[in-house]
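Q: Below is the sequence, then the predicted model.
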Amino acid sequence: MAGGMHGEARGVHEGILRRQSARESSARTYARALPIVPVRARGLTIEGADGRRYLDCLSGAGTLALGHNHPVVLEAIRAVLDSGAPLAVLDLATPVKDAFITELFRTLPPGLADRGRVQFCGPAGTDAVEAALKLVRTATGRTGILAFTGAYHGMTAGALAASGGARDVQVARLPYPQDYRCPFGVGGPRGAELAARWTESLLDDPKSGVPLPAGMILEPVQGEGGVIPAPDDWLRRMRQLTADRSIPLIADEIQTGVGRTGAFWAVDHSGITPDVMVLSKAIGGSLPLAVIVYRDDLDVWQPGAHAGTFRGNQLAMAAGTATLTYVRENGLARRAAELGARMLTQLGQLADTFACVGQVRGRGLMIGVELVNPECDGTESAGHHPGPPGPEPTRTPHPAAPELAVAVQRECLQRGLIVELGGRHSAVVRLLPPLTISDEQAAAVVDRLADAVAAVARTHEDHGRHRSRQHGPAQRAG
């Protein structure tokens, strides 16, 4: 009987996946790598139509700060449904919206909370990015935008133009500091200093080809770029040089906000106050919601200058208020900092053990493991190597290995762990667990991921030995 029920569930599962493949757009992404059919979920756990259970470290790409179906979120949604309140009200004032704004402003950096304005945008983060870009252009009368290599700000035209995958150059692109793949080959504080100097030079050189811009947009931790935290000193430098030149600074906190990085907002680590903050994902408590918050002197909009039909989603505002309050009152940002640091330390051992792990990095519960191919060159993944004469050694990382990252993701799924891929060449395995993850669940996530990496590393090494036996030393030397 049990076998029959399992077979029936399997049939339902496969039928749904088959129909999805036949009817949905080729643009679908997660569904290709994660052939599961979620039917129930709670916290970190998802149950598929086939009866299998998974630990979900994708969390709706960081949307689910409290995990799936948290009781306080469900209670907030039910309260609105049971009250008879309208569910969509465009930009009219409501008690639900008033409560959301009050709670949101309670969490903002002081310099912004004291003199801020909030604008509700279309329900996707990318629309909020569009609003932020339009706002600073309107307020300054200028058009250019400064953005960074590796950035991801959304999928609409303006947001794409400021992202790392832009096809046309519509913004000035600046180096984002990072250790492993430092564009200057040095990493660390010296690499961040060189990145800041380049930015300053570009702005102050009258022949740089970059006129004074309308704004600078940055992510305090690049997510899709490969989980790359910006150094706090560098962020403070960006804040200072933009303030000195009256360039509005836009912080994209769509994925980093609401405790994810170990502070309520990722800019809190450095203590900076941006002129504009772009917020979405977790602020809607699992439902679609996006806003920008900005300094009141930038509020030069004409009525209707940026609008959207679904900016009055009352269920999302109620769920968002419940989420913001719960994260704040229960110290979940601090919890994310402590647990994330522990997980980073544990996962960091993978880089010491397996040559195919280039670097483990992150901040709070935003963690990335970069997979590389150590056989493609003769360098050490994090080593220093002689370069041109001068005080700084050069560093040559191994090439990214997207095929190994895909293999790790597949091995994780077989072990009941859902992870995302990102970064350059999609070679970074990403963890975005809910902030409510328990110590025991965190240990299980680390164990399953480590086991998956070990399995892929063994297979990779076996293939390498097999190729070596096939070709022999003479052929390899050529």
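A: Here it is on my side, so go on.
Q: Double-check residue 295 against residue 112; I have them as touching.
A: Yes: at 7.0 Å, residue 295 counts as touching residue 112 under the criterion of CB atoms under 8 Å. Quick note: C-beta positions are derived from backbone N, CA and C, even for glycine.
Q: Those two: which is more packed in?
A: residue 112 (22 against 18; other CB atoms under 10 Å).
Q: Surely that one is in a helix?
A: Yes: assessed by DSSP: H, G, I helix; E, B strand; the rest coil, residue 112 belongs to a helix.
Q: From residue 234, how far off is it?
A: Per CB to CB, to the nearest Å, residue 112 is found 20 Å from residue 234.
Q: Equivalent analysis for residue 281, please.
A: For residue 281, the distance to residue 234 - CB to CB - is 24 Å.
Q: Neighbour count for these two, which is higher?
A: residue 281 (26 against 20).
Q: for the more buried one, what are its contacts?
A: When contacts are counted by CB atoms under 8 Å, 6 or more residues apart in numbering, residue 281 touches 60-63, 125, 254-255, 257-258.
Q: Take those residues and keep only those in strands.
A: Among those, no member falls in strands (DSSP state E).
Q: any idea which of those residues is the one closest to residue 396?
A: residue 255 (29.7 Å; CB to CB).
Q: Please verify my assumption that the closest one contacts residue 62.
A: Yes: counting by CB under 8 Å, residue 255 touches residue 62, with 4.5 Å between them.
Q: what touches both of these two?
A: Joint contacts of residue 255 and residue 62 (CB under 8 Å, 6+ apart) are 223, 281, 366, 432.
Q: And those residues, which two are furthest apart?
A: 281 and 366 (11.8 Å).
Q: between those two, what contacts are shared?
A: 62, 255.
Q: in which helix or strand would I find residue 457?
A: helix 439-477 (DSSP states H and E).
Q: What mean pLDDT does that helix get?
A: The average pLDDT for helix 439-477 rounds to 77.
Q: In contact with residue 48, which residues?
A: Neighbouring residues of residue 48 by CB under 8 Å, 6+ apart: 13, 36-39, 54.
Q: Point out where the stretch 51-200 of the chain drops to low pLDDT.
A: Low-confidence segments of the stretch 51-200 of the chain, defined by pLDDT under 70: 166-169.
Q: can you map out the helices along it?
A: Ranges of helices within the stretch 51-200 of the chain are 59-62, 71-83, 95-107, 110-113, 125-140, 157-161, 188-204, based on DSSP state H, counting those that start in this stretch.
Q: among those helices, which is the most enclosed?
A: With neighbours defined as mean count of other CB atoms under 10 Å, these peak in mean count at helix 125-140, which reaches a mean of 24.
Q: what residues does it touch?
A: 119, 121-122, 143, 145, 153-156, 158-159, 162, 214-215, 217, 246-248, 250, 252, 254, 275-276, 278-281, 290-292, 294, 297-298, 300-301, 305-306, 308.
Q: again, but for stretch 172-182
A: 144-151, 183-184, 187-188, 191-192, 194-196, 198-199, 202, 210, 213, 218, 222, 225-226, 228, 230-231, 234, 358-359, 361, 370, 382, 395, 397, 424.
Q: Write a ChimeraX command that selects only the buried members of the contacts of helix 125-140.
A: The buried residues among these can be selected in ChimeraX (16 or more other CB atoms under 10 Å) with this line:
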select :119,121,122,145,153,154,158,159,162,214,215,217,247,248,250,252,254,275,276,278,279,280,281,290,291,292,294,298,301,306,308
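Q: If we ignore the residues flanking it in sequence, what's nearest residue 454?
A: Of all residues not flanking residue 454 in the chain, residue 354 sits nearest, at 7.1 Å (CB to CB, 6 or more residues apart in numbering).
Q: And for the one you found, the neighbour number?
A: 22.
Q: what separates it from residue 222, distance-wise?
A: Taking CB to CB, one finds residue 354 at 24 Å from residue 222.
Q: Repeat that for residue 79.
A: Relative to residue 222, and taking CB to CB, residue 79 is found at 37 Å.
Q: just residue 246 next, same as before
A: For residue 246, the distance to residue 222 - CB to CB - is 26 Å.
Q: With residue 28 instead?
A: From residue 28 to residue 222 the distance is 24 Å (CB to CB).
Q: Compare those two (neighbour count), which wins?
A: Neighbour count, other CB under 10 Å: between residue 28 and residue 222, residue 222 has more, with 27 against 10.
Q: mind listing what that one touches?
A: Residue 222 touches 148, 150-152, 176, 228, 230, counting by CB under 8 Å, 6+ apart.
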